[in-house]
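**Student:** Give me a 3D structure for the following:
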Amino acid sequence: MRCDDARFALGASAHDVYLGAFNMSQPRLSISSGYPFEDTYGYARAVRVGNQVFVSGTTARGADLDCDAYGQATSAIGILADALRQAGADLRHVVRTVVYVTDMADIDAVARAHSGAFGSVRPASTLVKVAGLTPATARVEIEVTAIVHD
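**Tutor:** Below is the predicted model of the structure:
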């Protein structure tokens, strides 16, 4: 056996192992943005199980992809906020963000957008430089995890 988890060797999929962390007797709500790649790739914009909400990595869309990094980050946060709202949450429930950028020179602009949205919440956050995003003109992608606590 390689360094794979023994649960995989016993026939459990990664999905099964991941979901084992949740009480699956709670209903699962999947939210779609209608973006065609969701069907191609097989994912949802957001998933809520119990009081936890997971929102997929999100980039700006349409004309907002022509914006600078601040504009793209602000646009992505708006899309995230809409997905959270559909899941019965909002930005104040966010406990973790992961931010992907294609150019480290954009950090200050992205940080300004992130702080503007999450400054009072102060979620745990990770910033990662990547070689590229989809769509190719995207400069920043943000994913969030939220816990509805009220």
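**Student:** mind listing what's buried in the longest helix along the chain?
**Tutor:** Counting residues, the longest helix found in the chain (DSSP state H) is helix 69-86. By neighbour count on 16 or more other C-beta atoms under 10 Å, the buried set for helix 69-86 is 69-77, 79-84, 86. All C-beta atoms are positioned from the backbone trio N, CA, C, and that covers glycine.
**Student:** what about S115, neighbour count?
**Tutor:** 11 (other C-beta atoms under 10 Å).
**Student:** Just the CA trace of the strand or helix carrying it, in PDB.
**Tutor:** Assigned by DSSP states H and E, S115 falls within helix 107-118. Provided in PDB are the C-alpha atoms of helix 107-118 (Å, rounded to 0.1, in the frame of the first residue of the first chain):
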ATOM      1  CA  ILE A 107      -1.700  41.200  -2.700                       C
ATOM      2  CA  ASP A 108      -2.400  44.800  -1.400                       C
ATOM      3  CA  ALA A 109      -5.400  45.300  -3.700                       C
ATOM      4  CA  VAL A 110      -6.800  41.900  -2.800                       C
ATOM      5  CA  ALA A 111      -6.200  42.400   0.900                       C
ATOM      6  CA  ARG A 112      -8.100  45.700   0.700                       C
ATOM      7  CA  ALA A 113     -11.100  44.000  -0.800                       C
ATOM      8  CA  HIS A 114     -10.800  41.100   1.700                       C
ATOM      9  CA  SER A 115     -10.500  43.500   4.700                       C
ATOM     10  CA  GLY A 116     -13.400  45.500   3.500                       C
ATOM     11  CA  ALA A 117     -15.700  42.500   3.500                       C
ATOM     12  CA  PHE A 118     -14.300  40.500   6.400                       C
END
